[in-house]
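K.L.:
The following block contains a protein sequence and its predicted model.
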Amino acid sequence: MSRTVTTVFFDVGNTLLFPDRKRILAPLHQRQVSPTLAQWHAIERKTKKEFDAMVEGGNPDHGFWYLFYTHLLEELGIGDDGLRDALVEATRISDNWGDIRPGTRAALERIGGRFQIGVISNADGKIAALLERDGIADCFRNITDSGLVGKEKPHPAIFAAALEAMRVRPEESLYVGDVYSVDYQGATRAGMQAMLFDVSGAYRDTDLPRVESLEGLEKEISGWR
């Protein structure tokens, strides 16, 4: 990976903001079922590997969250397709991604002091409002939302739109996101550099460039320019 980077782009979901599990999992809580964070991360690791393989093999039969909740409900011993579909729908609402980790803004300000920073997110056209609500929208020079662009990652058009908006060459850009087949491969195929934001540890057994926190990212890119 080249160390010549002027611009860092971030994914939002599972990178800057995380699911509000209390809100999203409310239908499970009503059944007196509360999956632990460890269970959540274990299912996330399993789903990412399966989803990546499906994307690599062609268009996946189902979306990531469909697979995720299928596995989670199996783990919990619940067979209810309606519940699965309700959980998927709730997770796709950007407003339900409100868990921001302590120190996020401070880390973005430090990174933004050395690089231009922007956002490229698969969302519902409302990601800028969500980032504003969580107090970090003004950290970014540009926010590219698939709901407005009309193309989702890994399609090259969404990366091209962000690069054009920031007036930066792809080879001088780093993209940081959490899913290999969508974020890492989407960015690298668009000519960008990429790094996985791997909180759940789905890619620990690979040699892919990865970090598990914004602080880890800062350390990784501390000598870059």
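P.N.:
Structure received.

K.L.:
rest of the way, CA atoms for contacts and neighbours
P.N.:
Fine.

K.L.:
what number of residues lie near Glu164?
P.N.:
Here the count is done by other C-alpha atoms under 10 Å, and Glu164 has 12 residues near it.

K.L.:
Does it belong to a helix, a strand or coil?
P.N.:
Taking DSSP: H, G, I helix; E, B strand; the rest coil as the rule, one finds Glu164 in the helix state.

K.L.:
Use 766 as the first number from now on
P.N.:
Let's use 766 as the start, then, which means that last one is Glu929.

K.L.:
Can you give me the pLDDT of it?
P.N.:
pLDDT recorded at Glu929 is 97.

K.L.:
how close does it sit to Lys984?
P.N.:
With distances taken as C-alpha to C-alpha, to the nearest Å, Glu929 is found 28 Å from Lys984.

K.L.:
Arg898 too?
P.N.:
Using C-alpha to C-alpha, Arg898 is found at 28 Å from Lys984.

K.L.:
ok, residues contacting the helix or strand hosting Ile876?
P.N.:
Assigned by DSSP states H and E, Ile876 belongs to helix 869-877. Contact with helix 869-877 is made by 781, 882, 900-901, 904-905, 979-980, 983, as judged by C-alpha atoms under 8 Å, 6 or more residues apart in numbering.

K.L.:
and Asp864, what does it touch?
P.N.:
Contact criterion C-alpha under 8 Å, 6+ apart gives 782-785 as the residues in contact with Asp864.

K.L.:
and it, bridged to which residues?
P.N.:
Under the criterion DSSP bridges, Asp864 forms beta bridges with Phe783.

K.L.:
Now do the longest helix anywhere in the chain, average pLDDT.
P.N.:
Longest helix of the chain, by residue count under DSSP state H: helix 802-821. The average pLDDT for helix 802-821 rounds to 95.

K.L.:
List only buried entries from the contacts of Asp864.
P.N.:
782, 784 (16 or more other C-alpha atoms under 10 Å).

K.L.:
farthest-separated two in the contacts of Asp864?
P.N.:
Greatest spacing in these, by C-alpha to C-alpha: Leu782 and Asp785 (9.0 Å).

K.L.:
shared neighbours of the two, which are they?
P.N.:
Shared contacts of Leu782 and Asp785, defined by C-alpha under 8 Å, 6+ apart, comprise 862-864.
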